[in-house]
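**Student:** sequence first, predicted model second:
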Amino acid sequence: MKRRFFAAIVIALLWVLFPLLLQAAPVGKITALEGRVDLTASGKEARPVNPGEAVNVGDVIRTKSKSKCEVVFIDGNVLRLAESTRLKITEYMIQQDRRTEIISLFRGKIRSIVQKGIILPENWTVE
(Lines give C-alpha, C1' and ligand atoms only; values in the text may rest on other atoms or scores of the structure.)
Protein backbone atom coordinates (compact mmCIF):
# COMPACT_ATOMS: atom_id res chain seq x y z
CA MET A 1 0.00 0.00 0.00
CA LYS A 2 2.81 2.41 0.88
CA ARG A 3 4.59 1.66 -2.40
CA ARG A 4 1.52 2.50 -4.45
CA PHE A 5 1.02 5.73 -2.55
CA PHE A 6 4.70 6.65 -2.98
CA ALA A 7 4.58 5.80 -6.71
CA ALA A 8 1.44 7.91 -7.14
CA ILE A 9 3.15 10.86 -5.44
CA VAL A 10 6.25 10.54 -7.65
CA ILE A 11 4.17 10.32 -10.83
CA ALA A 12 2.10 13.35 -9.79
CA LEU A 13 5.24 15.40 -9.09
CA LEU A 14 6.81 14.43 -12.41
CA TRP A 15 3.58 15.30 -14.22
CA VAL A 16 3.63 18.76 -12.65
CA LEU A 17 7.38 19.46 -12.78
CA PHE A 18 8.29 18.06 -16.22
CA PRO A 19 6.67 20.90 -18.22
CA LEU A 20 8.41 23.43 -15.97
CA LEU A 21 11.78 21.81 -16.64
CA LEU A 22 11.18 21.95 -20.39
CA GLN A 23 10.39 25.66 -20.21
CA ALA A 24 13.77 26.43 -18.67
CA ALA A 25 15.81 25.03 -21.58
CA PRO A 26 17.77 27.74 -23.45
CA VAL A 27 16.72 27.81 -27.09
CA GLY A 28 18.52 30.92 -28.27
CA LYS A 29 20.23 34.14 -27.33
CA ILE A 30 19.95 37.87 -27.91
CA THR A 31 22.56 38.73 -30.54
CA ALA A 32 21.75 42.36 -31.31
CA LEU A 33 19.98 45.04 -29.33
CA GLU A 34 19.15 48.68 -29.86
CA GLY A 35 17.27 50.79 -27.33
CA ARG A 36 15.26 49.33 -24.45
CA VAL A 37 14.30 45.65 -24.54
CA ASP A 38 13.11 43.57 -21.62
CA LEU A 39 12.44 39.90 -21.00
CA THR A 40 9.92 38.29 -18.68
CA ALA A 41 10.67 34.71 -17.66
CA SER A 42 7.82 32.49 -16.46
CA GLY A 43 6.75 33.58 -12.99
CA LYS A 44 9.25 36.44 -12.76
CA GLU A 45 9.21 40.18 -13.29
CA ALA A 46 10.39 41.89 -16.48
CA ARG A 47 14.09 42.77 -16.59
CA PRO A 48 16.28 44.56 -19.14
CA VAL A 49 18.35 42.28 -21.39
CA ASN A 50 21.84 42.58 -22.85
CA PRO A 51 23.36 41.02 -25.98
CA GLY A 52 24.43 37.43 -25.36
CA GLU A 53 21.71 36.64 -22.83
CA ALA A 54 19.83 33.37 -23.10
CA VAL A 55 16.26 33.08 -24.35
CA ASN A 56 14.22 30.18 -22.96
CA VAL A 57 10.92 28.56 -23.82
CA GLY A 58 8.20 30.49 -22.00
CA ASP A 59 10.03 33.84 -22.11
CA VAL A 60 8.23 36.99 -23.21
CA ILE A 61 10.39 39.51 -25.10
CA ARG A 62 9.25 43.12 -25.37
CA THR A 63 10.83 45.94 -27.35
CA LYS A 64 9.94 49.50 -26.36
CA SER A 65 9.43 52.42 -28.76
CA LYS A 66 12.49 53.21 -30.91
CA SER A 67 14.01 49.86 -29.90
CA LYS A 68 14.65 46.55 -31.64
CA CYS A 69 16.48 43.29 -31.09
CA GLU A 70 17.56 40.08 -32.77
CA VAL A 71 17.36 36.53 -31.40
CA VAL A 72 19.38 33.69 -32.91
CA PHE A 73 18.05 30.24 -32.06
CA ILE A 74 20.16 27.12 -31.56
CA ASP A 75 19.28 25.78 -35.02
CA GLY A 76 20.43 28.97 -36.80
CA ASN A 77 17.01 30.58 -37.26
CA VAL A 78 16.91 34.33 -36.70
CA LEU A 79 14.03 36.37 -35.30
CA ARG A 80 14.13 40.17 -35.55
CA LEU A 81 11.73 42.22 -33.44
CA ALA A 82 10.72 45.72 -34.55
CA GLU A 83 9.89 48.51 -32.13
CA SER A 84 6.88 48.15 -29.80
CA THR A 85 6.74 44.38 -30.22
CA ARG A 86 5.76 41.79 -27.64
CA LEU A 87 6.06 38.04 -28.19
CA LYS A 88 6.34 34.78 -26.31
CA ILE A 89 8.48 31.77 -27.17
CA THR A 90 5.68 29.26 -26.61
CA GLU A 91 7.44 26.14 -27.92
CA TYR A 92 10.80 25.36 -29.54
CA MET A 93 11.69 21.70 -29.99
CA ILE A 94 14.26 20.04 -32.22
CA GLN A 95 14.06 16.29 -32.82
CA GLN A 96 16.43 14.56 -35.23
CA ASP A 97 15.13 15.75 -38.65
CA ARG A 98 12.17 17.79 -37.41
CA ARG A 99 11.60 20.99 -35.46
CA THR A 100 8.55 22.61 -33.92
CA GLU A 101 8.49 26.33 -33.25
CA ILE A 102 5.54 28.24 -31.85
CA ILE A 103 5.98 31.97 -31.38
CA SER A 104 3.00 33.92 -30.00
CA LEU A 105 3.01 37.49 -31.33
CA PHE A 106 0.87 39.72 -29.11
CA ARG A 107 1.65 43.00 -30.90
CA GLY A 108 4.18 44.55 -33.24
CA LYS A 109 6.20 43.17 -36.13
CA ILE A 110 8.76 40.40 -36.51
CA ARG A 111 10.94 39.13 -39.33
CA SER A 112 11.81 35.46 -39.23
CA ILE A 113 14.76 34.11 -41.20
CA VAL A 114 14.45 30.32 -41.28
CA GLN A 115 17.37 28.09 -42.18
CA LYS A 116 16.75 25.19 -44.54
CA GLY A 117 17.31 21.97 -42.64
CA ILE A 118 18.51 21.84 -39.08
CA ILE A 119 21.97 23.18 -38.41
CA LEU A 120 23.18 23.07 -34.83
CA PRO A 121 26.35 25.11 -34.28
CA GLU A 122 29.20 23.11 -32.74
CA ASN A 123 30.38 25.96 -30.54
CA TRP A 124 26.94 27.04 -29.29
CA THR A 125 27.24 28.62 -25.86
CA VAL A 126 24.61 30.50 -23.91
CA GLU A 127 25.76 32.98 -21.30
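**Tutor:** Perfect, I can see it now.

**Student:** from what I see, residue 92 and residue 59 are in contact.
**Tutor:** No - in this structure, residue 92 is not within contact of residue 59 by C-beta atoms under 8 Å, at 10.2 Å. In short, each C-beta sits where N, CA and C put it, glycine included.

**Student:** so, low pLDDT: which residues of the chain?
**Tutor:** Within the chain, the segments meeting pLDDT under 70 span 1, 5-25, 117-127.

**Student:** pretty sure residue 81 contacts residue 110?
**Tutor:** Yes - counting by C-beta under 8 Å, residue 110 is a contact partner of residue 81 at 5.6 Å.

**Student:** which residues are in contact with both of those two?
**Tutor:** Each of residue 87 lies in contact with both residue 81 and residue 110 under the rule C-beta atoms under 8 Å, 6 or more residues apart in numbering.

**Student:** more crowded one of those two?
**Tutor:** A direct count of neighbours by other C-beta atoms under 10 Å for residue 81 and residue 110 places residue 81 higher, at 24 against 15.
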